[in-house]
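Participant: predicted model and sequence below, questions to follow.
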Amino acid sequence: MAQMHKVRPDDPSTSNEPALPAKIDQFLRLVPNRFSDPLKDERVWKVFPDLTELRNEFDALYARLLETGSPVVFCHNDLLLGNVIYDEVRSRVTFIDYEYAAPNHQAFDIGNHFTEFAGIDEIDYGRYPTPDFQLRWLRVYLEEYGGVSIPVTDTAVQRLFVQANQYALASHFLWAIWALIQAEHSTIDFDFVQFAVTRFLEYRRRKEEFLALRFTN
């Protein structure tokens, strides 16, 4: 991931605007005010606030996240476990499915990846990586991202730890809204409403805890 985040566009005029706010805006515009399936409609709005409140919720969250100063880099933006391929023979990791790849906040890509530890078929947020695991992971990441010329300090690791966990909230929010769209339009045999509800409830459960995290400059 650190190697990918160091990729720079060949064209210096390429936009370096983070994809997150535009993607959330796009998704919110696609969520129906009323779902065509009455049962889905009831299940969704039993948990989610209306679209205006959802938009206000994200705007307030994003304003907080911007305060962390996470830089914009080239991100995969969808590093769930199924998109990380390990070649045991060559001892090499490859990422696949770059559909959502775009410039975005560094901490979003990391926080999003951490949320995906919960699994795909059976989601269990008890698998969310522990602080100790995260700190080890983030130190290895920073050692690669900064190169040998930039020593990794405990302060830098702690800063990224706070950023990643706070941007994990944006990951939950993004994929919850995405799942609402899929619930209305997808023909795949999958309970997208349940997925949306699970992600949104985890966002709510973790919001206060993660936003309370602080780092020292």
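Facilitator: Alright, I've got the coordinates.
Participant: quick check: longest helix of this protein.
Facilitator: Longest helix in the chain by number of residues (criterion: DSSP state H): helix 154-185.
Participant: which is the next helix or strand following that one?
Facilitator: helix 192-211 (DSSP states H and E).
Participant: which of the residues in that next one are buried?
Facilitator: By neighbour count on 16 or more other Cβ atoms under 10 Å, the buried set for helix 192-211 is 192-193, 195-200, 202-203, 206-207, 210. Placement of C-beta: from N, CA and C, glycine included.
Participant: what residues does stretch 131-139 touch?
Facilitator: Ile110, Phe114, Pro129, Val152, Val157, Gln158, Leu160, Phe161, Ala164, Asn165 (Cβ atoms under 8 Å, 6 or more residues apart in numbering).
Participant: just to revisit the earlier point, quick check: mean pLDDT across the longest helix of the chain?
Facilitator: What helix 154-185 shows for mean pLDDT is 98.
Participant: now swap in stretch 55-72 and tell me
Facilitator: Stretch 55-72 comes out at a mean pLDDT of 98.
Participant: give me the buried positions along that stretch.
Facilitator: Arg55, Glu57, Phe58, Leu61, Tyr62, Leu65, Thr68, Ser70, Val72.
Participant: just these: which are in strands?
Facilitator: Val72 (DSSP state E).
Participant: now render the buried residues of stretch 55-72 as a markdown table, adding distance to Glu17.
Facilitator: Shown next, in a markdown table, are those (distance: Cβ to Cβ, whole Å):
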| residue | distance to Glu17 |
| --- | --- |
| Arg55 | 19 |
| Glu57 | 22 |
| Phe58 | 16 |
| Leu61 | 18 |
| Tyr62 | 13 |
| Leu65 | 15 |
| Thr68 | 17 |
| Ser70 | 14 |
| Val72 | 7 |
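Participant: and which of the buried residues of stretch 55-72 is nearest Pro18?
Facilitator: Val72 (5.0 Å; Cβ to Cβ).
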